[in-house]
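> Predicted model follows, preceded by the sequence.
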Amino acid sequence: MSYKDLPSKIKSLKPCKIILIGHRSADADALVSIELFKFLVNSIRKDMQIDILIPEKIAGKAIKISKSLKIKKLEVLPEPEIYGLAVFLDVGGESVLGSADIYLKNVKEKWLIDHHIQT
């Protein structure tokens with residue numbers, strides 16, 4: 001799927017809860033990717049509830065960005081089954097997910113949006 005396909009893919013989703021997941025020690029790439037994707041979904045679909053999960057912590061230099069973007073991240077890991085879609089942003093591989101790997105294993109529909117995928 002190309003990034004150009006995202007609007008139509010988002011439009012075709014059934015109403016559901018979405019969890020946006022970055023990598024451990026989230027940096028500016030992860031935070032901005034999450035916020036832009038949230039903006040895209042909210043501009044296309046008003047009926048989606050979006051949660052943000054940053055496993056473990058936000059990197060020191062990115063805390064300022066997090067505050068300026070007013071990112072509200074989950075403090076407790078909800079049960080994965082409540083989500084219809086998990087979107088992994090700036091996540092190049094499973095090894096950077098930390099405790100968030102349960103969403104990779106237990107949410108039925110998953111999307112990976114990244115610029116450096118490990119093979």
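Sure, I can see it.

> Mind listing what's buried along the lowest-mean-pLDDT helix or strand in the chain?
Least confident helix or strand, the chain: helix 63-69 with a mean of 89, by mean pLDDT, DSSP states H and E. Neighbour-count burial for helix 63-69, counted by 16 or more other C-beta atoms under 10 Å, picks out Ile65, Ser66. Every C-beta, even on glycine, is put in place using the N, C-alpha and C of the backbone.

> got a list of contacts for it?
Residues from elsewhere that reach helix 63-69, judged by C-beta atoms under 8 Å, 6 or more residues apart in numbering: Ala26, Ala28, Leu31, Val32, Glu35, Ile58, Lys73.

> Between all of the residues you listed, which two are separated the most?
Longest distance between any two of those is 15.0 Å, between Ala28 and Lys73; criterion C-beta to C-beta.

> OK, contacts around the residue positioned nearest the centre of the chain?
For the chain, Leu20 is the residue whose C-alpha lies nearest the centre (C-alpha atoms, centre = their mean; 2.0 Å). Under the criterion of C-beta under 8 Å, 6+ apart, the neighbours of Leu20 are Ile34, Phe37, Lys38, Ile50, Asp51, Ile52, Leu53, Val87, Leu89.

> Now distance to Tyr3 too, for the residues you listed, in JSON lines please.
Formatted as JSON lines, the contacts of Leu20 follow (distance: C-beta to C-beta, whole Å):
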{"residue": "Ile34", "distance to Tyr3": "15"}
{"residue": "Phe37", "distance to Tyr3": "10"}
{"residue": "Lys38", "distance to Tyr3": "15"}
{"residue": "Ile50", "distance to Tyr3": "18"}
{"residue": "Asp51", "distance to Tyr3": "22"}
{"residue": "Ile52", "distance to Tyr3": "20"}
{"residue": "Leu53", "distance to Tyr3": "22"}
{"residue": "Val87", "distance to Tyr3": "13"}
{"residue": "Leu89", "distance to Tyr3": "12"}
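
> Right, I'll leave it there.
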